[in-house]
Structure formats: C-alpha cells, structure tokens
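J.: Here is the input, now give the coordinates:
(chains A, B, C, D and E, ligands or ions: 4)
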Amino acid sequence: MLDIITTQWHPLLNGLWNTILCSLIALVGSLVIGTFFALLEISKYRIVRLIGSIYVEVFRNIPLLVIAMGFFLIVPMYIVKISGFAAGTIGLTLYTSAFIAETVRAGINSVEDGQLEGALANGLTHAQAMRYIILPQAFKVVIPPLGNQFINLVKNSSVLAFVAGFDLMYEGNLIANDTLKTMPTYFIVGVLYLIITLPLSYYMRHLEKKLA
Amino acid sequence: GCSSVANQDILKVDQKSKQITWGVKADTRLFGLEDIRTGKLEGFEIDLAKAITKEILGPQGKAVFVPVTSSTRVPLLKNGNIDAIMATMTITPEREKQVDFTKSYFDAGQSLLVKKGSPIKNIQDLNKPGEVILGVSGSNSVKNVAKFAPRARVLQLSDYAQAMTALKSKQGDALTTDNGILYGMASENPGYEVVGGNFTKEPYGIAVNKNQAPFRNKLNWALNRLEKNGTYNRLLLKWFGNVKGFNYQEMKR
Amino acid sequence: MIEFHNVQKYYGKFHALKDINLTIDAGETVVLIGPSGSGKSSLIRTINGLDPIRDGKLIVNGFDLADKKTNVNLIRKDVGMVFQHFNLYHNKNVLENIMLAPRIVLKRPEKENREFAMQLLEKVGLADKADNMPAQLSGGQKQRIAIARSLAMKPKCLLFDEPTSALDPEMIDDVLNVMKDIAKNSKMTMLVVTHEMGFARDVADRVIFMADGRIIEDDSTEKFFGDQPSTQRARDFMSKISGH
Amino acid sequence: MIEFHNVQKYYGKFHALKDINLTIDAGETVVLIGPSGSGKSSLIRTINGLDPIRDGKLIVNGFDLADKKTNVNLIRKDVGMVFQHFNLYHNKNVLENIMLAPRIVLKRPEKENREFAMQLLEKVGLADKADNMPAQLSGGQKQRIAIARSLAMKPKCLLFDEPTSALDPEMIDDVLNVMKDIAKNSKMTMLVVTHEMGFARDVADRVIFMADGRIIEDDSTEKFFGDQPSTQRARDFMSKISGH
Amino acid sequence: MQNFIDAYSWINIRFLLQGLGVTIEISVASIICSFIIGTLLGIIRYAKIKYVSAIVGFIIDLIRNLPLLLIIFFTYFGLPNIGIKPEIIPAAILALTVFESSMVAEIVRSGINSVDYGQTEGALANGLTKWQALRLIVLPQAIKNMLPALVSQFISLVKDTSLATIIVLPELMYHAQIIYGQNTNYIIPMFVALAVLYFIVCYSLSLLARYLDKHLA
Ligand SMILES: Nc1ncnc2c1ncn2[C@@H]1O[C@H](COP(=O)(O)OP(=O)(O)OP(=O)(O)O)[C@@H](O)[C@H]1O
Ligand SMILES: Nc1ncnc2c1ncn2[C@@H]1O[C@H](COP(=O)(O)OP(=O)(O)OP(=O)(O)O)[C@@H](O)[C@H]1O
Ligand SMILES: [Mg+2]
Ligand SMILES: [Mg+2]
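T.: Ligands and ions are numbered 1, 2, ... in the order given. Predicted coordinates:
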C-alpha cells in the first residue's frame, strides 16, 4: 500500500485537486441555478412553475452518468467542444441544482407564513419580502440539507472518471489498472474522499446543532 | 487471507469438477461479445477457450464463462471467482509481477484510427503538445502511447464505443488500440480509417494466478496442440477472415 | 377611511364573509368581537389586501381593493397591522425590524429613520432592547416591538388581530397600555379584534359583533356595554367570555 | 400522595426549582399560580418523572422518584397529565387516543376498554366525535379528549399544566366544567397550573404561589382569596392578571 | 437517424427491458432491505444508547461519505478476502443495502427528531414506556414526515444501480453497453433510451410518493 503512495502520489494529488475544483465549481453553480429554479417553482404563474418543475424532474430522475455522457459525447458533436472535465462539471452542476432547487424550495416553505404576512403588512412588496426576510431565513434552515447535498456532490464528482475528467476516481482507476493492486489503490482513494467529506459532514452536524 | 485460492492446485480442482471458469469479455466484438438474441457469449476467445477446455478435460469438459472488464478481471482472478483470464489481455512485464501468463495466443498490434483526410498518418505525428489520443482505460495500448508519443495527452474512456464516439465528437485526434478492434470499428464508420500500421506488438496471453505452474503448463500444452492440429487457424479464419484490412494470413500459426 | 359595501369573501367554496357593510371613519377606534371562526380575522385581513375578496366594494384610504388594478402596496403603506403571533422578522434585530420598511419603502433618510425608531422604542418602553434579537424577548415585549414597527410607517390606520391572546396574563397590560395610549393620544384609525372587554369599554368608540361570517351587531360602546347587546347571540357570547 | 422534601432541580446550570417542600394529600385539589418562568411547569413535570430532579426526596404514590431504581412507568400509570397543547396522538382517532394506553399498559379487555372509553366521551360531552381525528377538533374539544384519555387509565392523581391557556375564550368554560366535575365528584388528587381564578375559587382546597423557582405562598383558598395573599409579590401578580 | 432506427430494433429493446427488469429487481430488494436496516440503525442512533449509538454513528458516517462506486468495489472484491464470496446479484444488493441503509438511517433519525416532542411526553404521561411511545406514536408520524426524503433517496438508489455495471451486473446500463458493443453507432440512441427509461421509473416513483403523501393522512 505504501508503495502506491510513494510512487503514485503525483496522479493522486492531481486527481484530488481536480475533484476539489470540480466540486467547488459545481457547488457555486448549482447553488445559483438551484435557487433560481426554486424561485420559479413557487411563482404565482402556473406556466413559470411548470418550467421550474420540468427542469427539476428531468434532472432529478436521470442518472448523472447519462447526463455527463450527454455533455461529453453529444454536445461537442452539434454545439461546442468541451473537455471531459467541463462536461462532467456541467453535468454535475445541473444534476445537483435540481436537488438544491427542491431543498431551497422546502426551506422557503418552512419559513412561517407569518413572516411573509408581517412583511407585506409592513408595506414591503412581495419581492422585497423575499429578498430581505424570507430568503435569509430559508437559507439558514437549508444549510444542513445543503451540506448533505454538497457531500453528495463531492462523491458524485466521481462521474468525471467516466468522461476522462482526471479526477480522483479516474486516476485511481488508472493506477489500479497499471499496478493491478486494485484493493489497496481503491482503499487509498476511499481515504482521500473521506478526507474531504468526513470533516464536512461533521461540520454540518455541528452547524445543525448550533442552528437548532 | 485467500488461503483457499493460493494453496489449491487449480488444475486438480478443475479436473475433478470437469470444468474451467474463464473470465472473458462480453462487450468486445470478434473477441467476446454477448449475443443479444441467445444471451450466449461468442467470439474468437470464447471458441478458443472452449477448445482448450475440451483439450484439457476431455469431451465432457465444460467451459464456464464469467464476463469481466479491464478493471475487474484481475481482482476476480485473485479472489478465485475465475480460474483464468482470456480477455484481450496483453502480456507485459508490469502485469507479470501480479499474474502468470501463458504463451501468446493472439499477436495483435497496436494501431491508430483517425478521420479520413486527417493529417495524422502515424504515431510520430501525434507526438506534439495539443494532440489528444483516445483509448480505453485499463488497456495496455494507452500505456504504450506514453512511450511512443509522450507529448500527447491521453484520454481514457470506459469502453470502445465511448472512445469511438468521443473521436467523432472531436474530443481527440486519434483512437488507439489493438488493430483487430480498430478494423471492426472502421467498417462500421465509413468516414474513418486505420493508419500508421502496427507500432507495437500486443501479444495476448491467458492469465492465471501465481504459483499455478501445473495449470499454466497444461494451458500452454493445449494451445500448442490446437495450433498443430489446425483448430487455431480454423478459428482465426472464422472470426477474422472477413474483417476488411485485417491480414489474417500473417497471423496464422 | 374604510368602507365595505356588500363584501363577500370565500375560501374555496366556504363563504367566510357574507354581505359585509361597514364604514369606519378616520380617527375612530372600533373593537371587533365574535366567536372563533366567525370571520373576524378574515374581515381585518381583507382591509390591507392580505386576503382577496370575491365580490362587493372595499374602499380603503381612497383606493378600491376590489379593483385588480389597485396597487395594494400603496394601501399597505398607510395601513399597519399587528398580529396575534407578532410576526417580527426573526433574522433582524429589534431596531432593524422597525427601520427596515421605512428605509426600503419610504426611503426615509438613515439618520431620521434611526431617531424616529428610537423614539418609538421609548414610547413602548423598550429603548434598552434595541440591539436584541426577537428570540430574546418575552411575548409581551415582542408585541410592543411589533406595534412600534407598524407605527414607524406613520400609518393612517392600524389593524390589530387578537394582539394579546398569545400572551402570558401578566404581560397583557403592558401591551394594552401602549394601545390605549395610541387610541387616546393620536388621530389613528384603529380596528381591534380582541376579547379584552376592559380595553373595549375604555377606548372603543364602537363595538362590532360578528358570527358566522356576518356582522350581527354594530353598536356604540355605551349601548353595547350599557344596555347589553341587542341580540341573544351576542349576549350568550358575552356571558361565555366574561371572566376569561 | 405527593411529598416534596427539599427538592432541587436544574436545567444545566440554571436552578429551576429551589428547596421545594410540599405535601399534597390524596383527594386534594391544589391550584398552582405564578408568573411565567417561575417554575410551575417544572414542578408539575417532576411529579411524573418527565423531568428529573437533582437533589432532595420526592415521593409520589409511595414511590421515591429520586431513587434511580424506581420504575417511573409504575408511577405514570397512576398519575395522569393534561398539557397546555393537548398532545393528542396525531396518528390515532379520538377513540384510539383514549383506548391505547389501557390496552397496552393495563391489558384491559377490548370490550371493557371500549365501553369505558365511550363512557368517558359521554362524560366530556364528545361521544359523537369518537371516530374523528384530532386535527378535526377545536382546541376546547381536543383538551376535553385529552382529559378523557388521562381518566381512562383510572389514575389516582391528575396533573394539569395550563389546560385552558391555549384555548379561545368561549371554549374555556367547557373544559373548566369538566375539570370542576372531576374535582367535585371523584376522589381524584388534582394539581392544576392555571390562571383561571374563578376555577380556583370554586374548587381548589389550596392555592400555591410560586416565583423564581420557590414556593412563596401556600394558603387555603379561603385565606388566599379572602384576606388577600400575604406577600407583596403575590398581591402584585394577582392585580396584574385580574381581568384577563 | 438510421442509427436510431437500427438501434431500436425489437431485439435490442427487449434486451434493454430485460436489463430494466434486473434494475428494478435489484432496486426493490435493496429498497426493502435498506429500509428495514436503515430504520433500525436510525433508531439506534436516535436512542443514544451508550457506546453502541456512537459506534453505529461512526460507521454510518464512514459509509455515507464514500462514493458508492468504492463500496461496490469493496463488497465484491474485498469480501472474498475474509472468506465470503458473493455472486454478482447478491453482491450488488449487499453493496446498495449497506450504502443506502446508512443514508436511510440519517433520514430516520432526523424524521424522528422532527416529531413534536409533546407527542412523546403525552405518551409517557399516559403510562406508555419509551419504546412503546416510539413504536406506536412517534415512528408512524415520523415515517410520514420523512416520506419525501426517503423517496428521493430511493430514486437515487434506482439510478445508483447503474454503477454496478462496474462489476458486470446485467442491469439496464450494462445491457445498453452490450448493445452498443455490437455497433459503436448505437451509443447515442442507447444513452437516449437510458435517459427515458430511468426517467420513467424514477418519475413514477415520485408520483407514487406524492400519492402516498396525500392519502396517508
Ligand atoms: N386559508 C383558509 N382556507 C380555508 N378556510 C379558512 C382559511 N382561513 C380561515 N378559514 C375559515 O374561515 C372562517 C373564518 O375564519 P377567521 O380566521 O376569519 O375567524 P376568526 O373569527 O378570526 O376566528 P378566531 O377567533 O379563531 O381567530 C373559519 O371557519 C375558518 O375555518
Ligand atoms: N428544557 C429547559 N432547558 C433550560 N431551561 C429551561 C427548560 N425548561 C424550562 N427552563 C427554564 O426554567 C424556568 C422555569 O420554567 P417553567 O417552564 O417551569 O416555568 P413556568 O412557571 O411553567 O412558566 P410559564 O408560565 O411560562 O409556563 C424558566 O426560566 C425556563 O426558562
Ligand atoms: Mg382570528
Ligand atoms: Mg409552564
């Protein structure tokens, strides 16, 4: 096991870096897109709500691998050439954003009606009430589930392995195939994933307790 | 642990049970591919494995097939799920540290598939920064590329169809793997051609666990007999006789 | 100030307000009572457009709420509301709760805004709580902040929906005293849903009794408490709630 | 029936009950009053072991609650409790709410169980609601069902924690009447936290006043309401809540 | 276009549907197993039993935080090292169950916590023991609360079965790979078919959940 670390630390670190990079980009992207579609889903207008829910249902119900493959293989054929890393990251962003939209929507719904009514009665418009009162409170509620989404996102970034995105799992596969030391390699890869996700999940639990 | 696997003489076990369990490919045309109608596996390797089984165990001997992929074949062998791997596995010194190989049963050579009219004519043309070569992860051919075209970037995908489609999507400039497979793909995709000849030798071997000398010797013995009695050439003709561009005469033994 | 003409309100198929006709003049203090589910909250919530009406005409401060082209935000600027459960902004401290709407809606300059907010805090007796978060206050304190928040918009009219019924008994007086002060010392129009009969007796100009979505009685305070309500329904109700 | 000897209770570092000494005899009806946060709920909840005590001795129905070997389930069988927010089982209908504990804890035969449950529903005036779910009831109805649920265990003692303070004013009497009926017509020991002074005057044998985690007064009802409470603290409190 | 017509021959479609059958079979088995085990684990975590809850919690955290792909690998290739040699289908079910149970355990724990504590107090004061209160009053309500989260988890599970292609489980994704192994031109039609088939299954599942949510009042 040690020899894998001593001889392969370079690709492993590279993979770890790409996994972190992809996760961060996808996190920010899916947060923005997810919030946008959450707002669509609670709109007054039926048609806007419909658009929101179609987006969410489509991306929620198709395997991430299929989405990422679509971006890697089909999009360059007809639209624009993108790298495996980009295709995987975009796929991961859209996929995660559907889940985040659901989470944020639930968060908005969990803010008591009284808060909105209080703000409206106080003279604020619906949009102002959302911006100053409802969304800030919703985000607070949503932090723990968002944290879990982020952990899922980190794990799901392993989809990059299938589109040559040079992430941790991709490098792990290569090392395993080269050295044929399958179990030790994947053991190390697992530990590297845990190094990202475990602290995160403990931090989330801590936050959850603090906010409760 | 793995006491059971390491300490057993596979040959004896198989002779007793009258069956050999082979790890084979199920998604590779010409070598090992599942027939969707029947659910049976077929291909050159499948037929050869059957013939070897009969050779070793006699007419009642049974070949059992377990589909494997490049990433699962070695762990399955080590865990004893399969007795031997016959799955387009190239004999390399690196791999010989982990498993034992028989003599080669198929001398593939690595080549390139490119779009017709591409400026790339051989592997040297790819040895430039910015060139991207597509391959299948776990295959030996991608490792060779690092030797022959160290300055190119290599993208490894999960299977040949994905690699081929990535080539069509211009995710790479050339696709490299063993020539038999490349010719198969060229015939499906008229806009693409195999170029540059074989720039490596890719001898496929049957892999068995370490410390199974009796079994490996028996496999070599069976292979030699099949080559001598013409079975080998017959199977070669059956599977590669009609592949356009593939020189089957050269491969005869 | 507020005029209901034959107003009808429905929740789905449920007819919550039936044939409401009611006029409240500027500066009046009106108390609204009635059994649970009789439509008191529904009536009061239509006035600032929190709940829509189906039919009839509802003129508030010159605007017609039945007209879809009316911008209800213009009405809400001049009509404050105090809720049973306070509805303070959980994510803002006391001062920000009071200053937010004037800043955003009225664009009141920051300095003036803060000074006026502090003045209101003095008035409700909570100047020392300016920096607290709502969660750190008792119910009675929250409600006094909620009143200050409404006053910060300098409304022409204030609506109260059971402002003391979620409070511990010993906190009720503090809130009622603030409300009495407003009723007596300002020109505010006030419509108050409450069961505090002492308050009604003390400051109300009129008492309205509702049941089953209808206004059953609309009496002057003297008549309502002096001669007893004229309907049996209202008398029954009064005897049930007296003492609680 | 219930004996507190120098009981101390803490929430973390906060000293919620201080040097409580109190004896309640079988069959007595005792009303407990005091400002918010004075420890009334804490005191009542220690009696059936919902909250643990830190120090002292607390004997309920012969069992010592301070002793860790005491099986608190044995105490709870004989000590019923009615909460401010009812705490009916949301997932069971009215009849099942009443029948569940007798069936599981007392193994009362199904037929007898049902008959007794229906009898109790008659008693609280809600026999027609047997098949309703709790969500379909008004607050006053929920609380009467909660009382029936407690009675179904045939307890020796009933604890009430502000049973009417979450109710609409016109529903309070229905609940108080049921409670008065129990106090007058059964041998039940009752400890009631409430601000309903009419109820206290009517049925209490004693009135206890708490403040800051201590028992400040423990008077007979006649003395408490007749001569006025003896401490200034209690007199202030009484003047604040009178009328609400 | 011709590729699509050829790829969607009845023989290929039937083969895909066979794969879908395995996907559903594995999913159902894993859903049932992980629901039962996850609920038990969630209760153990909720109950705060000395040491036990902490250890169970740590294991759950470890599993929850690993990519499922690795868990499948460890199950199929790691277990034989300790003398257990599962077949592919049991191995896949085992791996999915191990992973999803730990996810379900978290959902159950927070579902139980989401039930108003007054319900527990009411039951205790009514004479029920802690366990009776949990079983008869709190859990039934918790299950209703956690239904949405559970269903999303099970939707993920259905999609996650596709990762078991890595150990050559003959499910939908793998069958698609076999089909496009015959002809590389079939790959895009196959990915489109995959998207549609997974969507149908997963979306039906969420419709079912919505129905249950309404009618489980
Ligand atoms: N959002 C709603 N959807 C459906 N029905 C409603 C809604 N809000 C109120 N109702 C119904 O309308 C009727 C009147 O309700 P309203 O809240 O105005 O009564 P209220 O007099 O304020 O009662 P309370 O004293 O309990 O506050 C009730 O029967 C109530 O059930
Ligand atoms: N679980 C808890 N954790 C910490 N402090 C608590 C807890 N429960 C109660 N307290 C504190 O203990 C004190 C007494 O509370 P308790 O609920 O017994 O008062 P009370 O007299 O019943 O008041 P109320 O009339 O508001 O119900 C209060 O200061 C309260 O903040
Ligand atoms: Mg109301
Ligand atoms: Mg209390």
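J.: looking only at pLDDT, what's the mean for stretch C:178-188?
T.: In this model, stretch C:178-188 carries a mean pLDDT of 93.
J.: anything in stretch C:163-173 near chain D?
T.: Yes - applying Cβ under 8 Å from any Cβ of the partner chain, one finds stretch C:163-173 in contact with chain D at C:164-165, C:168-173. (Glycine included, C-beta is placed from N, CA and C.)
J.: what does that stretch contact?
T.: Contact with stretch C:163-173 is made by C:82-86, C:138-141, C:143, C:146-147, C:175-176, C:179, C:192, C:194-196, D:35-36, D:169, D:195, D:237, D:240-241, D:244, as judged by Cβ atoms under 8 Å, 6 or more residues apart in numbering or on different chains.
J.: how near is C:Phe225 to C:Leu43?
T.: Look at C:Phe225 and C:Leu43: by Cβ to Cβ, to the nearest Å, they are 22 Å apart.
J.: higher neighbour count, the two?
T.: More crowded of C:Phe225 and C:Leu43, by other Cβ atoms under 10 Å in any protein chain shown: C:Leu43, with 28 against 16.
J.: phi, psi of that one?
T.: Torsion angles at C:Leu43 (phi, psi; degrees, to the nearest 10) stand at phi -60, psi -50.
J.: Chain neighbours aside, what residue packs nearest to it?
T.: C:Leu17 (6.0 Å; Cβ to Cβ, 6 or more residues apart in numbering or on different chains).
J.: right, and the helix or strand after the helix ranked longest in chain E?
T.: Using DSSP state H to define each element, chain E has its longest helix at helix E:10-47. Under the assignment DSSP states H and E, the closest C-terminal helix or strand after helix E:10-47 is helix E:52-64.
J.: Flag every buried residue along the lengthiest helix in chain A.
T.: Criterion DSSP H: the longest helix present in chain A is helix A:2-41. For helix A:2-41, burial by neighbour count (16 or more other Cβ atoms under 10 Å in any protein chain shown) applies to A:4, A:8, A:11-12, A:15-16, A:18-19, A:22-23, A:25-27, A:29-31, A:33-41.
J.: and the strand or helix carrying B:Phe101, what other elements does it pack with?
T.: Element membership for B:Phe101, per DSSP H and E: strand B:100-115. On a contact count with 3 or more Cβ pairs under 8 Å, 6 or more residues apart in numbering or on different chains; DSSP states H and E, strand B:100-115 meets helix B:160-168, strand B:174-178, helix B:179-188, strand B:192-208, helix B:213-228.
J.: Chain A: which of these is closest?
T.: helix B:160-168 (4.8 Å; Cβ to the nearest Cβ).
J.: Looking at that closest one now, give me its mean pLDDT.
T.: Helix B:160-168 shows a mean pLDDT of 91.
J.: Same question for stretch C:45-59.
T.: 93.
J.: Serialize the helices and strands packed on strand B:100-115 to TSV and add fields for distance to B:Val145 and mean neighbour count.
T.: As requested, these are arranged in TSV below (distance: least, Cβ to Cβ, whole Å; neighbours: other Cβ atoms under 10 Å in any protein chain shown):
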stretch	distance to B:Val145	mean neighbour count
helix B:160-168	13	26
strand B:174-178	6	27
helix B:179-188	14	22
strand B:192-208	9	20
helix B:213-228	29	18
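J.: Quick one, which of those gets closest to chain C.
T.: Taking Cβ to the nearest Cβ, helix B:160-168 is the member of the helices and strands packed on strand B:100-115 nearest to chain C, at 49.0 Å.
J.: Output the contacting helices and strands for that closest one.
T.: Against helix B:160-168 (3+ Cβ pairs under 8 Å, 6+ apart) you get strand B:100-115, strand B:132-136, strand B:153-157, strand B:174-178, helix B:179-188, helix E:172-182, helix E:187-215.
J.: give me the number of residues near the nearest residue to E:Val151 once chain neighbours are set aside?
T.: With Cβ to Cβ, 6+ apart as the measure, E:Ala209 is the residue that lies nearest to E:Val151, at 3.7 Å, once sequence neighbours are left out. For E:Ala209, the number of neighbouring residues by other Cβ under 10 Å comes to 18.
J.: Quick check: E:Ala209 vs E:Ala176, distance?
T.: Relative to E:Ala176, and taking Cβ to Cβ, E:Ala209 is found at 27 Å.
J.: Chain A contacts on chain E?
T.: Residues of chain E lying close to chain A (Cβ under 8 Å from any Cβ) are E:61-62, E:64-70, E:73-74, E:77-78, E:81, E:106, E:148, E:152, E:155, E:159-160, E:162-163, E:173, E:187-188, E:191, E:194-195, E:198-199, E:202-203, E:206.
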